[in-house]
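Chemist: Here is a sequence together with a model predicted from it:
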Amino acid sequence: MSQLRPLLSRLGAQAVRLLATRDILERSWHSRSSGSPAAFPSSPGGGSSSYMEAMYLAWLANPQSVHKGSADASWAASMGHPASPALSRLLLASTRRPQSWDSFFQKASQEAPRATPEGRPMPSSPTTNSKLVEDHLAVQSLIRAYQIRGHHVAQLDPLGILDADLDSFVPFDLITTMDKLAFYDLRETDLDKEFQLPTTTFIGGSESTLSLREIIRRLESTYCQHIGLEFMFINDVEQCQWIRQKFETPGVMQFSNEEKRTLLARLVRSMRFEDFLARKWSSEKRFGLEGCEVMIPALKTIIDKSSEMGIENIILGMPHRGRLNVLANVIRKDLEQIFCQFDPKLEAADEGSGDVKYHLGMYHERINRVTNRNITLSLVANPSHLEAVDPVVQGKTKAEQFYRGDAQGRKIGFTTDPRMARSSPYPTDVARVVNAPIFHVNADDPEAVIYVCSVAAEWRNTFNKDVVVDLVCYRRRGHNEMDEPMFTQPLMYKQIHRQVPVLKKYADKLISEGTVTLQEFEEEIAKYDRICEEAYGRSKDKKILHIKHWLDSPWPGFFTVDGEPKSMTCPPTGVPEDVLTHIGTVASSVPLEDFKIHTGLSRILRSRAEMAQKQTVDWALAEYMAFGSLLKEGIHVRLSGQDVERGTFSHRHHVLHDQEVDRRTCVPMNHLWPKQAPYTVCNSSLSEYGVLGFELGYAMASPNALVLWEAQFGDFHNTAQCIIDQFISTGQAKWVRHNGIVLLLPHGMEGMGPEHSSARPERFLQMSNDDSDTYPVFTEDFEVSQLYDCNWIVVNCSTPASYFHVLRRQILLPFRKPLIIFTPKSLLRHPEAKSSFDQMVSGTSFQRVIPEDGVAVQAPGQVRRLIFCTGKVYYDLVKERSSQGLEGQVALTRLEQISPFPFDLIAQEAERFPSAELVWCQEEHKNMGYYDYISPRFMTILGRTRPIWYVGREPAAAPATGNRNAHLVSLRKFLDTAFDLRAFEGKMF
C-alpha cells in the first residue's frame, strides 16, 4: 500500500470513491452467490486497495502489462463475472471511469497547467493536477447521478400535496442544495468553471464544455421537472444513449406554433367530450378522463409519429377509464353510436350478454390527417380487470406482424392502457420501431402480468420489447361519476376541486404568448360542441344496438356480410393415406445433413418409423399428423407453453438439438412440404396468465391458424383464470368476438399428488352455456349447430385418432370456438392407446361418442350394465372387465366430447341397451370431474325414467392423494363397484 499512497494523495477523494464503488460491486456480487468471496489478484484477502496497488505496481514496471479494457470489467472478471464485451460496455457506461488501467494511471500521473484567477499560468504541481482530474471525474459522476436518480426529485405530483416518492427519499448525490457540492469535493467557487462533458450526455448540444452551474441547471431541467425518467437499468448502451439524446438535447421539448395550436385543438376535444357527457348524462357511469385529459393529444401525437415512421397498424388496449374518449377522439368512432349507448331503451340485435359501453372495442381504418397516410386503429375490448388486456394486445400485434411479413415490426405497433407509454427505438426480431403507449389510469395493476409483458420481450417468437413511460395524472371525480371521494379522501379532493383545468391553463398560456387569440379558442370550443350536439340529435334515432359494430378484430371474408357462418356443415376431417405416410416419414427423420441428435432421441425416431410402417400412431405421432396436414393446407400452426418443444413428458420432440454444435436446431415440421405454411413452436415462461393472454391475442388476428397453448400440468391454468373467465369463456357473448384458441391441459389421476393430477374439468363444464334441462331438437345439422351455439368445446380424447380429428375439426368448422382438451399423461406411452391409419384417412371424422363395439353389441338385450366414461379411465375399465370376464354383460361407451353434450348420441346408446342400468364412471372425486355436468343432462335425455348411477372416488377437498398406496386403494374400490352388477340394487334415485 505504501507504493500506492503517492497515487492516492494525487487522486484524493476520487480514489476513495473509486475503491468504494468497487467494494459495493463486490458486496453486491457476494450477496447473490453462495460461495466465499472471490480473492483479487495478489490479494489473499480480496482487499480493494491491494488489488489496485498490484495493478499500479505492474503499470510502473510495464504500462503494457495492465488490462487494456475497462478497469471495472477487470474488477468484474476477478469477482467471477464474465468479462464479456456487453458487460464491459455496461459497466463502462454506468461508471464512466477511464477506459483502462493504463489510461487511468497515466491521467493520474500527468502534469497539466492551470490558470490563476488573474489569468497567469499556474506552476504545475501534483496537487493542482490531481484536483483538475478529480473535479472532472466528479462532474461526470454528478451527471450520472442525475441520469440514474433524478426522477426521485421530479415534480410528478400535479396536486402539490405529496413528495415525488412516498418515503420522501432525496438522493444524497443530487445537488438539491449548494452544500451538497461537498460530496463531490466541489465548492461554490467551482460553479462558473468550465468542464469537459463526457460522451454519455447530450446536455451540451453542440457545446463540448459547460460551466458547472449550467450543467446542474440543464440536468435539473431534464430530470427533475415534470417528467421523471428512469432508464439506466437498461443493459444496452445504445438504447441508453438514444434515450439520453431524446431527453437531454437542448430545445428538444420545444413546439412550433402549429404544433401548439394542434395540441390545443386536441385538448378542446378531449375536455369538451367529457363535459358534454357530464351535461347530458350526469347520473350515468362513464369512467371519464377528467384529470388526465392530456392523454388524448399525447396518444394522437404518438400515432402521428408512428404513421410518419411507416407504421400502418396500431393495436390499442386499455381499461375502462377514458375509453369512451379514446373511442371518440382517437379511434374516431361515430359519436352517435357512442351516445346511443346511454339510451336505456336500446334493444340488442346480437345474441349474448353484450357488455357495458366502457368495455367495448373498435376497429377502424382511416387517413391520418398529419401524414395523409392510411392507418388502421384497433382498440381491443377489455373487462374491468385493467392490465389483463396487455398480453392480449401484444399477442395480436405479434400475429399481425407475422401475417404481414413484418418481422422487424416496421409497420405494426401496439399500445395498451392509458397512462403507460411503451415504445422501442430499435427493431428486433419480435418488436416494432416506434409504437403508441400502454396506458393505465388506475393504480391497482397486477404487477405479475406487467412484468411478464416487459421481460418476455427476450423470448423467441413471443412478446414485443417495450419501454414504459408513466403519465402522471389525477382523478377529478371518484372511482366512477356516482362515487363521492370526499368520504375517504377529503383533503386531496379539496385540492383537486381547486385545480384549474389543463385546457384553461394551456389556452391562457398560448393566448398570452400570442400563438392563438381568445376568439380562435372560443370558436374551437363552439365548433366541437356543435359536432357533439348534432351527433346527439342523430343518436335519438337509434333503436337497435349492434355489438358487431364494435368488433375489435374483424375477419374479412371468413363470415358473411352479416357476420354469420357461410354454412352450417363441417367436412370430414380425415386425410389421404399418402399424406399420413409422408408425415410419418419426416417425423421419424432428421431433415438436415450432418446433424447429430441424442442417442435417446434416435430410439424415439426409430419407434416412430416403425409405427408409420405399421400404419399406426401414438399420441405424439397423431398430433404430428394433425399439425402437418394443416400446414399442407396452408394453415399456420403455433404451439407455445412450458417445455412444449420437447413436451413435458418428453414425448413430442418438435425441436431437435445438434449434440455437437451449440444452439443448432432443426424443426422437421417445417420440412414437410415445399409450399407449406410455417410452424412455430416455442417454450414460454412459467407465467400462465401472461402467456395464455398472449396466445389468445395471437389467435384473434386470423381464423386461418391453429393456435395452441399447453400447460405443463393441467391445474397450472388456474394462474391464468382471469384470461379464461373474462376473455375465453365469455369473449363471444360479450364482444361478438370468435376465437379458436386451443388449450392443452394434461390431466389424469395417477398417484402423482394433488398438484399434478387434475386439470379441473368441472370448472370448464360449469362455465359451459348449454342448457341441461332443455331437450334439443335433433336436426340434420344438429352437431354443427350445437357447436355454433356453445361458448366453448370441451373434450377428453381416449384415442390418438380422436385427438387428430378434433384438432383438424377446429380449423374445418365454418366458425371459431375455444377448444379445451384434457390431454393424457400415461396414455402417451400406453400400449393400447394407439390408432390405425384407417381411423384417420379420408372420409373419417371426429367421433363425439365412441360406442361399445365388442361382444356386448351381439346381444344388447342381455347387457346388464352400460358404463359411460371419458378419457384414461376407459383403459382401466377395459382391463378390469376382461379380468372378470364380463364383456357380454357390461358395455363401455366413451364420451370424447363432453360439452356441448352429445344428447343425440347418448340417447341412441341408451336405447341400444334398453335393459341395462346406466352408470357414469370417472376417476375424479365425485364433487369434481364430470358427474355434476353430465347427470342432469342424462336425466333430461332419459325423461327422468332411468337413473344414471355414479361410480368413482368419493368427494374430497384435494383433487388427488399424494400417497401411492391410497391412490391404488381408491382405484381398486371404484373398479370393484363398477363391475359389481348388484351394487345398486334397492337404491332409489
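Modeler: Nice, thanks for sending it over.

Chemist: Only C-alpha atoms from now on, for both contacts and neighbour counts.
Modeler: Fine.

Chemist: okay, how far is it across stretch 886-902, tip to tip?
Modeler: Across stretch 886-902, the terminal residues are separated by 27 Å (C-alpha to C-alpha, to the nearest Å).

Chemist: oh, I was asking about stretch 881-891
Modeler: End-to-end span of stretch 881-891 (C-alpha to C-alpha): 9 Å.

Chemist: got the buried residues for it?
Modeler: Within stretch 881-891, the residues scored as buried using 16 or more other C-alpha atoms under 10 Å are 881, 886-891.

Chemist: Now tell me what touches it from outside.
Modeler: 852, 854-857, 859, 862-867, 979 (C-alpha atoms under 8 Å, 6 or more residues apart in numbering).

Chemist: Mind doing that once more with 7 Å?
Modeler: For stretch 881-891, contacts defined as C-alpha atoms under 7 Å, 6 or more residues apart in numbering pick out 852, 855-856, 862-867.

Chemist: Using neighbour counts, trim these to the buried set.
Modeler: Using 16+ other C-alpha under 10 Å as the burial test, the contacts of stretch 881-891 include 852, 856, 862-867 as buried.

Chemist: Which of these fall within strands?
Modeler: In strands, judged by DSSP state E, the following of the buried ones among the contacts of stretch 881-891 are found: 865-867.

Chemist: Dump those residues to JSON lines, plus distance to Arg187 and pLDDT.
Modeler: Below are those laid out as JSON lines (distance: C-alpha to C-alpha, whole Å; pLDDT from 0 to 100):
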{"residue": "Arg865", "distance to Arg187": "97", "pLDDT": "97"}
{"residue": "Leu866", "distance to Arg187": "95", "pLDDT": "97"}
{"residue": "Ile867", "distance to Arg187": "91", "pLDDT": "98"}
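
Chemist: Mind putting those into JSON lines with distance to Asp343?
Modeler: Below are those laid out as JSON lines (distance: C-alpha to C-alpha, whole Å):
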{"residue": "Arg865", "distance to Asp343": "58"}
{"residue": "Leu866", "distance to Asp343": "55"}
{"residue": "Ile867", "distance to Asp343": "54"}
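
Chemist: Closest one of the residues you listed to Pro344?
Modeler: The nearest member of these to Pro344, counting by C-alpha to C-alpha, is Ile867 at 51.4 Å.

Chemist: what sits against that closest one?
Modeler: By C-alpha under 7 Å, 6+ apart, the contact list for Ile867 reads 891-893, 918-921.

Chemist: Please narrow those residues to those residing in strands.
Modeler: Among those, DSSP E puts 891-893, 918-921 in strands.

Chemist: could those residues be laid out in a markdown table, adding distance to Lys675?
Modeler: Formatted as a markdown table, the ones in strands among the contacts of Ile867 follow (distance: C-alpha to C-alpha, whole Å):
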| residue | distance to Lys675 |
| --- | --- |
| Ala891 | 47 |
| Leu892 | 44 |
| Thr893 | 42 |
| Leu918 | 51 |
| Val919 | 50 |
| Trp920 | 47 |
| Cys921 | 47 |
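
Chemist: Tell me which helix or strand the most centrally placed residue in the chain sits in.
Modeler: Nearest residue to the geometric centre of the chain (C-alpha atoms, centre = their mean): Pro391, 2.9 Å. Using DSSP states H and E, Pro391 sits in helix 389-403.

Chemist: about what we covered before: and which of the contacts of stretch 881-891 is nearest to Val472?
Modeler: Checking these against Val472 with C-alpha to C-alpha, the nearest one is Ile867 at 63.0 Å.

Chemist: So the nearest residue to Ile311 once chain neighbours are set aside versus Gln394, what's the distance?
Modeler: Take Ile311 and drop its neighbours on the chain: the residue closest to it by C-alpha to C-alpha, 6 or more residues apart in numbering is Lys411, 3.9 Å away. For Lys411, the distance to Gln394 equals 14 Å [C-alpha to C-alpha].

Chemist: Those two: which has the busier surroundings?
Modeler: Between Lys411 and Gln394, Gln394 has the larger neighbour count (other C-alpha atoms under 10 Å), namely 31 against 24.

Chemist: Tell me the pLDDT of the more buried one.
Modeler: With respect to pLDDT, Gln394 scores 90.

Chemist: next one: Ser384
Modeler: 85.

Chemist: neighbours of it, just the number please.
Modeler: Ser384 has 14 nearby residues by other C-alpha under 10 Å.

Chemist: Surely it is in contact with Met318?
Modeler: No: the pair Ser384 / Met318 is not scored as a contact, 9.8 Å apart, by C-alpha atoms under 7 Å.

Chemist: Contacts only, for the residue nearest to Ile311.
Modeler: With C-alpha under 7 Å, 6+ apart, Lys411 has these contacts: 310-313.

Chemist: Same check on Asn796?
Modeler: Listed by C-alpha under 7 Å, 6+ apart, the contact set of Asn796 reads 821-823, 870-871, 896-897.

Chemist: same thing but 8 Å
Modeler: Neighbour list for Asn796: 821-823, 870-871, 895-898 [criterion: C-alpha under 8 Å, 6+ apart].

Chemist: Any regions of the chain where pLDDT drops low?
Modeler: 1-57, 61, 67-101, 103-128, 163-168, 349-351, 412-471 (pLDDT under 70).

Chemist: isn't Lys218 right up against Phe202?
Modeler: Careful, residue 218 is Arg; it's not Lys. No: contact criterion C-alpha atoms under 8 Å: Arg218 and Phe202 do not qualify, at 10.0 Å.

Chemist: circling back to that earlier point, in strands, which of the buried residues of stretch 881-891 appear?
Modeler: Secondary structure defined by DSSP E assigns 890-891 of those to strands.

Chemist: Rebuild the buried residues of stretch 881-891 as TSV, extending it with distance to Leu812.
Modeler: Output for the buried residues of stretch 881-891, formatted as TSV (distance: C-alpha to C-alpha, whole Å):
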residue	distance to Leu812
Arg881	37
Leu886	40
Glu887	37
Gly888	38
Gln889	39
Val890	36
Ala891	32
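
Chemist: how near is Arg944 to Ser899?
Modeler: Separation of Arg944 from Ser899 (C-alpha to C-alpha): 20 Å.

Chemist: more neighbours, these two?
Modeler: Ser899 (25 against 13).

Chemist: now Arg538: how far from Lys987?
Modeler: 67 Å.

Chemist: Repeat that for Val66.
Modeler: For Val66, the distance to Lys987 - C-alpha to C-alpha - is 92 Å.

Chemist: Pick out whichever of those two has more residues nearby.
Modeler: More crowded of Val66 and Lys987, by other C-alpha under 10 Å: Val66, with 20 against 7.

Chemist: hang on, isn't the more buried one packed against Trp59?
Modeler: Yes: proximity of Val66 to Trp59 meets the contact threshold set by C-alpha under 8 Å, at 5.9 Å.
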